[in-house]
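Enquirer: coords please:
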Amino acid sequence: MTEKNQVVLKIEGLHKSFGSKNILIDFNLELLKGENIVVIGKSGSGKSVLIKCVVGLLKPDKGNILVFGTNMQKMNQDELDRLRVKIGFLFQNSALYDSMTVRQNLLFPMRRHWMDISREEEELLVDEALENVGLLHTKEMMPAELSGGMRKRVAIARTLIMKPELVLYDEPTTGLDPITGREIVQLMLDLQKKYHISSIMISHDMTVAKLTANKIIVLYDGTNYATGTYEELKRSTDKNVQQFFEFAT
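Expert: Next up is the predicted model:
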């Protein structure tokens with residue numbers, strides 16, 4: 001298998017329920033090296049639950065999640081912790097620690113007992129990550145001093161500081177004005193190309209999907225209801241697919 005066709009993430013028959021409420025029902029997905037898949041769906045459809053299952057924050061009821069060919073359900077806690085270094089996760093609200101400086105926020109992902117990184121190497125990684133997002137000057141600032149767009153950029157820098165191979169984006173443009181949102185999307189695309197990142201993006205914003213997706217998955221009734229490119233799905237006559245394109249440009 002060539003690197004381009006390498007399967008980075010494979011989800012097979014994923015089920016997740018909370019009590020009697022079924023959220024994911026036999027959900028399937030395959031992500032290739034360098035590919036960006038955008039998952040769209042209504043609020044409450046299970047998009048964030050899907051992401052949290054992939055990153056290991058939630059445990060599926062049934063099904064397999066294979067990351068780089070390894071089944072996450074068969075890993076112990078230490079193995080999961082080591083795997084997560086290869087997975088970046090951008091939270092919807094940026095999730096910066098308000099009591100920490102930007103520098104301290106970026107150093108946080110490196111605070112693992114088994115990681116052997118010198119202080120000098122840490123500082124180089126922080127500087128590189130902040131330079132990537134154009135915010136080196138904010139290193140000693142507090143999150144409260146930053147605008148919404150700057151906070152999102154810092155969150156992206158923290159997500160990518162360990163140069164993960166797989167990145168999961170949960171509604172990356174939520175709360176941003178259209179211009180700032182587009183700038184954030186372009187930044188993500190630039191960094192994805194620079195570091196050869198594969199990604200899954202959860203979004204309700206069809207402009208984001210159009211700009212970023214190699215492939216779009218419609219999450220409906222807990223399953224992979226439809227898959228295709230933006231243009232393919234836009235031409236669909238299925239009302240459950242078409243509803244997402246009613247106001248798309």
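
Enquirer: roughly how far apart are the residue nearest in space to the middle of the chain and L130?
Expert: In the chain, the centroid-proximal residue (C-alpha atoms, centre = their mean) is L168; its distance is 1.5 Å. To L130, L168 is 21 Å away according to C-beta to C-beta, to the nearest Å. The C-beta positions use only the backbone N, C-alpha and C, and glycine is treated the same way.

Enquirer: about what we covered before: state the pLDDT value of the residue nearest to the centre of the chain.
Expert: On pLDDT, L168 comes in at 92.

Enquirer: State the helix or strand in which K193 lies.
Expert: helix 178-195 (DSSP states H and E).

Enquirer: For that helix, what is the distance to the chain centroid?
Expert: For helix 178-195, the separation from the chain centroid amounts to 13 Å (computed by C-alpha atoms, centre = their mean, to the nearest Å).

Enquirer: Which residue, other than its chain neighbours, is closest to A95?
Expert: Leaving out its chain neighbours, the residue that sits closest to A95 by C-beta to C-beta, 6 or more residues apart in numbering is A155, at 6.8 Å.

Enquirer: Oops, could you answer that again for A226 instead?
Expert: Residue nearest to A226 in three dimensions, not counting chain neighbours: V218, with 4.2 Å by C-beta to C-beta, 6+ apart.

Enquirer: So that neighbour is in contact with K239, correct?
Expert: No: V218 is beyond contact range of K239, at 11.7 Å (criterion: C-beta atoms under 8 Å).

Enquirer: out of those two, which sits in the busier spot?
Expert: Ranked by neighbour count (other C-beta atoms under 10 Å), V218 and K239 place V218 first, with 23 against 7.

Enquirer: Contacts only, for V85.
Expert: P109, R112, M115, M162, P164 (C-beta atoms under 8 Å, 6 or more residues apart in numbering).

Enquirer: Pretty sure the fourth one sits against L107.
Expert: No: at 11.1 Å, M162 and L107 do not qualify as touching, with contact defined as C-beta under 8 Å.

Enquirer: what about R151, which helix or strand?
Expert: Per DSSP H and E, R151 falls inside helix 148-160.
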